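Enquirer: Let's see this in three dimensions:
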Amino acid sequence: MNRDSPNPAGTLIVFTGLLMLGALWALFLVGGIDYAYRRIGIPEGAMFGVVFGSLAGSGINIPIARLRGRQRSDVQEIQIFGRRYRVPVVSQDTDTTLAVNLGGAVIPTGVSVYLLVKDSIWWQGAVGVAFVAVIVHLIARPVEGQGIEMPGFIPPLLAAGIALAIDPHMAAPVAYVSGTLGTLIGADLSNIDKMTELGGGTASIGGAGTFDGVFLSGLVAVLLVGVA
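Expert: Residues are numbered from 1 along each chain as shown. You can find the predicted model right below:
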């Protein structure tokens, strides 16, 4: 029985098409990030540093504290010479290192503070951050071994909506601040006590499950404001 041999030309066409789609997606992503940072007023010279630092810094956790593990009390049954005894047993969880993620917490917070000062959007930022933080806290869930998880599309929608509602003229910077700080506070800072119980030895603020939410929510919120 004859078998059809693979067609090199067809394979090359498919590969070239996928490569072009990947290149177009990369250009779209870079263009979107460039547009978002221009909308919020980040100087062009600092834009590359912010983007590169955020992405490269996503794997860098800066330790800031060491949290002692909780003591747990339990009762264990033991058998001695045929008789059973109930003995209290005390165990202690492993200590947890509390850290802040460079790309998911330090840099976005620095950009947010810069925008708050530059644009004098203190009250708008406070309202937006509080709104996003409360709702994110309600939907975020601790996942053992991974950190705090949440649907990534919700924070930018919340941030864009509240920014347009409270100050349409300054909606772009308000959306960025609300999306980044609101996600950090609602997902991580308000759940530090739970993060220490998830295992892994390190609880990272702005890392693991919330990095995408923090890094992307501010930028996507700005893009949503731009097309609204």
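Enquirer: helix/strand/coil for the closest residue to Ile42 other than its chain neighbours?
Expert: Sequence neighbours aside, Val50 is the residue nearest to Ile42 in space, at 6.3 Å (criterion: CB to CB, 6 or more residues apart in numbering). The C-beta positions use only the backbone N, C-alpha and C, and glycine is treated the same way. On the three-state scheme (DSSP: H, G, I helix; E, B strand; the rest coil), Val50 is labelled helix.
Enquirer: Residue numbering should commence at 28 henceforth.
Expert: New numbering, starting at 28: the last item is Val77.
Enquirer: So Val77 is in contact with Ile67, correct?
Expert: No - with contact defined as CB atoms under 8 Å, Val77 does not reach Ile67; the gap is 10.5 Å.
Enquirer: joint contacts of these two?
Expert: Shared contacts of Val77 and Ile67 (CB atoms under 8 Å, 6 or more residues apart in numbering): Val138.
Enquirer: Pick out whichever of the two has more residues nearby.
Expert: With neighbours defined as other CB atoms under 10 Å, Val77 and Ile67 compare such that Ile67 has more, 24 against 19.
Enquirer: May I have the predicted confidence score for the more buried one?
Expert: Looking at Ile67, its pLDDT stands at 80.
Enquirer: all helices in this protein, in order from the N-terminus.
Expert: In the chain, the helices defined using DSSP state H lie at 35-67, 71-83, 134-146, 149-166, 181-193, 198-210, 219-222, 238-254.
Enquirer: Now Arg132. Nearest residue, chain neighbours left out?
Expert: Just to correct that, residue 132 is Ala rather than Arg. Using CB to CB, 6+ apart, the nearest residue to Ala132 is Gly233, at 2.8 Å.
Enquirer: List the contacts of the one you found.
Expert: Taking CB under 8 Å, 6+ apart, one finds 127-128, 130-133, 135, 211, 215, 241 in contact with Gly233.
Enquirer: from those, which is closest to Val201?
Expert: Nearest to Val201 among the contacts of Gly233: Pro135, at 14.7 Å, using CB to CB.
Enquirer: Quick one: neighbours of the closest one, just the number.
Expert: Neighbour count for Pro135, taken as other CB under 10 Å: 27.
Enquirer: quick revisit: could you name the stretch from the helices of the chain that's closest to Thr123?
Expert: When these are compared by CB to CB, helix 219-222 sits nearest Thr123, at 7.6 Å.
Enquirer: so what secondary structure elements neighbour that closest one?
Expert: In terms of contacts (3 or more CB pairs under 8 Å, 6 or more residues apart in numbering; DSSP states H and E), helix 219-222 is packed against strand 123-128, strand 174-176, strand 229-232.
Enquirer: check contacts around the nearest residue in space to Ala83 that is not next to it in sequence.
Expert: Distance criterion CB to CB, 6+ apart; nearest residue to Ala83, sequence neighbours excluded, is Gly130 at 6.8 Å. Shown in contact with Gly130 (CB under 8 Å, 6+ apart): 80-87, 233, 238, 242.
Enquirer: Pull out the buried members of these.
Expert: The neighbour-count criterion (16 or more other CB atoms under 10 Å) marks 80-81, 84-85, 87, 233, 238, 242 among the contacts of Gly130 as buried.
Enquirer: Make CSV out of the residues you listed and add pLDDT.
Expert: Shown next, in CSV, are the buried ones among the contacts of Gly130 (pLDDT from 0 to 100):
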residue, pLDDT
Gly80, 83
Ser81, 82
Gly84, 84
Ser85, 82
Ile87, 88
Gly233, 84
Phe238, 74
Phe242, 74
